[in-house]
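Novice: what shape does this take:
(one chain, ligands or ions: 1)
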Amino acid sequence: MRIISDLHLCEGLGMCEAMADQYFEVGDDGQVHVLDDRPRDHDRQLVDAAVKSCPVSALRLGS
Ligand code: SF4
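Specialist: Numbers count the residues shown, from 1 in each chain. Reported below is the predicted structural model:
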């Protein structure tokens, strides 16, 4: 599983960071930075929820 972000869509709203700040951080540039794009299996549910929380669908999970 890999986290993929689309910075053209991200509006820096920070829902992903609020849910899983070990994986997502909104930078001074107002865009999401994926801190670790290969989440451990035991974090899958957490990361999945954070990805789904993005109101502009800027995050997705790939293989
Ligand atoms: S929730 Fe979406 S729009 Fe907000 S910082 Fe994360 S990726 Fe960007």
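Novice: mind listing what the residue nearest to Ala49 when sequence neighbours are not counted touches?
Specialist: Nearest residue to Ala49, sequence neighbours excluded (Cβ to Cβ, 6 or more residues apart in numbering): Met19, at 6.0 Å. Where you see a C-beta, it was placed from the backbone N, CA and C, and this is true even at glycine. Taking Cβ atoms under 8 Å, 6 or more residues apart in numbering, we find Met19 in contact with Leu46, Ala49, Ala50, Ser53.
Novice: and the third one, which of the three is it?
Specialist: In other words, Ala50. helix (DSSP: H, G, I helix; E, B strand; the rest coil).
Novice: neighbours of it, how many?
Specialist: For Ala50, the neighbour count with other Cβ atoms under 10 Å is 22.
Novice: distance of it from the ligand?
Specialist: Computed with Cβ to the nearest ligand atom, to the nearest Å, the distance linking Ala50 and the ligand is 8 Å.
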